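Novice: Sequence plus the predicted model coming up.
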2 protein chains.
Amino acid sequence: MKNKTKMRETGCPVAYGLDTFGDRWSFLILRDMMIRDKKTYGELLEMEEEIATNVLADRLKQLEAADIISKVRDPENRRSYIYSMTAKGYDLAPILTEIMVWSGEYDQRPFALRNVPDLIKKDRKGFLAKISGG
Amino acid sequence: MKNKTKMRETGCPVAYGLDTFGDRWSFLILRDMMIRDKKTYGELLEMEEEIATNVLADRLKQLEAADIISKVRDPENRRSYIYSMTAKGYDLAPILTEIMVWSGEYDQRPFALRNVPDLIKKDRKGFLAKISGG
DNA sequence: CTGGATCCCAATAGATACTG
DNA sequence: CAGTATCTATTGGGATCCAG
């Protein structure tokens, strides 16, 4: 685990949140786990944003240390691990949702995908329910 | 402006959001502007998390380039600038709110401030209205 | 003065090659 | 499959410099 950037102990909840998941990759992992139901290192590695192996390994460790995800050995495949969200992790779903809504509103690049945020806006509670808790 | 990390052009709204504000400092600046009503470089520099001058200058540029904030000269003090949120910036308020709610729920360190998140949970709409648009 | 820009350099993040 | 090792690029802290 490389990222030893010290936690900012000001008590501010915004600072705590950013110290925990405030980087360019953590929420992409959580997106794949919550929305795309990915469960293994190999599945996560295939994300289209092309995360590097060490970055993925590092973030998985950090997220596990923060009790946002947990890992167990795959009972059906002894050399694989199954990652899953904890309750604390699923409670990040509202943040993920709001990020998608905002970006869906403002990403004007031609290839931007807006259908998902549209879906959320039509039924935010349904979407949240779907990704919160599996 | 240091941060030339390329945008990930996958179309995913989560990736767009993270490319735009996914770092340890941007949302602390936005917190101070939205919640604490700070308007100048000097005021922002005083945040208790002790942002470095170069980092603050860099993030202000990035946020301005992303049309999240804008700057004008202070008409009452010709050697100062006034930063303010754009509509696109104020629309980040729901993300800020959800970060505060989550951290308020899970930051168990003794110095963690939980009164603000409690306030949000009692009246999320009121809080959002208060920080959205000044 | 305020609002930065610049520079140094330590610390982190990330790409790629390789391994148990 | 699930990482580690290694090496390079980028970020960030702190001091200092500079323009309006």
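Specialist: Perfect, thanks for sending it.
Novice: A:Ser103 and B:Phe21 touch, don't they?
Specialist: No: using CB atoms under 8 Å, A:Ser103 is not in contact with B:Phe21, being 10.0 Å away. Just so you know, the C-beta spots here come from the backbone N, C-alpha and C atoms, and that holds for glycine as well.
Novice: which stretches of chain A form strands?
Specialist: Along chain A, counting by DSSP state E, strands occupy A:69-73, A:81-85.
Novice: do you know which of the ones you listed lies nearest DNA strand C?
Specialist: When the strands of chain A are compared by CB to the nearest atom of the strand, strand A:81-85 sits nearest DNA strand C, at 10.9 Å.
Novice: Any residue of the closest one touching DNA strand D?
Specialist: Yes: Strand A:81-85 lies within reach of DNA strand D by CB under 7 Å from any atom of the strand, at A:Tyr81.
Novice: Surely A:Gly22 touches B:Phe21?
Specialist: No: between A:Gly22 and B:Phe21 there is no contact, the gap being 9.2 Å when judged by CB under 8 Å.
Novice: Can you check which residues contact both of those two?
Specialist: Common contact partners of A:Gly22 and B:Phe21 (CB atoms under 8 Å, 6 or more residues apart in numbering or on different chains): B:Phe27.
Novice: Contact partners for the closest residue to A:Met33 other than its chain neighbours?
Specialist: Closest residue to A:Met33 in three dimensions, ignoring its sequence neighbours and counting by CB to CB, 6 or more residues apart in numbering or on different chains: A:Met85, at 5.8 Å. A:Met85 sits next to A:Leu30, A:Met33, A:Met34, A:Ile68, A:Ile69, A:Gly134 when contact means CB under 8 Å, 6+ apart.
Novice: Farthest pair within those residues?
Specialist: Pairwise distances across the contacts of A:Met85 (CB to CB) peak at 14.8 Å, for the pair A:Ile68 and A:Gly134.
Novice: Look up how far DNA strand D lies from A:Pro117.
Specialist: 26 Å (CB to the nearest atom of the strand, to the nearest Å).
Novice: coming back round to it: for the contacts of A:Met85, which one is nearest DNA strand D?
Specialist: Nearest to DNA strand D among those: A:Ile69, at 10.9 Å, using CB to the nearest atom of the strand.
Novice: thought the closest one was touching A:Ser84?
Specialist: Yes: taking contacts as CB under 8 Å, A:Ile69 lies within contact range of A:Ser84: 6.6 Å.
Novice: Touching both of those two, which residues are there?
Specialist: Common neighbours of A:Ile69 and A:Ser84, counting by CB under 8 Å, 6+ apart, are A:Met33.
Novice: Can you lay out the strands of chain A as a markdown table showing mean pLDDT?
Specialist: Shown next, in a markdown table, are these (pLDDT from 0 to 100):
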| stretch | mean pLDDT |
| --- | --- |
| strand A:69-73 | 95 |
| strand A:81-85 | 96 |
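Novice: most packed of those strands?
Specialist: Mean neighbour count (mean count of other CB atoms under 10 Å in any protein chain shown) peaks for strand A:81-85 among the strands of chain A, with a mean of 17.
Novice: Give me the sheet partners of it and which way each runs.
Specialist: Paired neighbours of strand A:81-85 in the sheet (DSSP bridges): strand A:69-73 (antiparallel).
Novice: Please list all residues in contact with the spatially most central residue of chain A.
Specialist: Chain A has A:Leu30 as the residue nearest its centroid, 1.5 Å off, counting by CA atoms, centre = their mean. Residues near A:Leu30 by CB under 8 Å, 6+ apart: A:Phe21, A:Leu63, A:Ile68, A:Ile69, A:Met85, A:Gly89, A:Leu92, A:Leu96.
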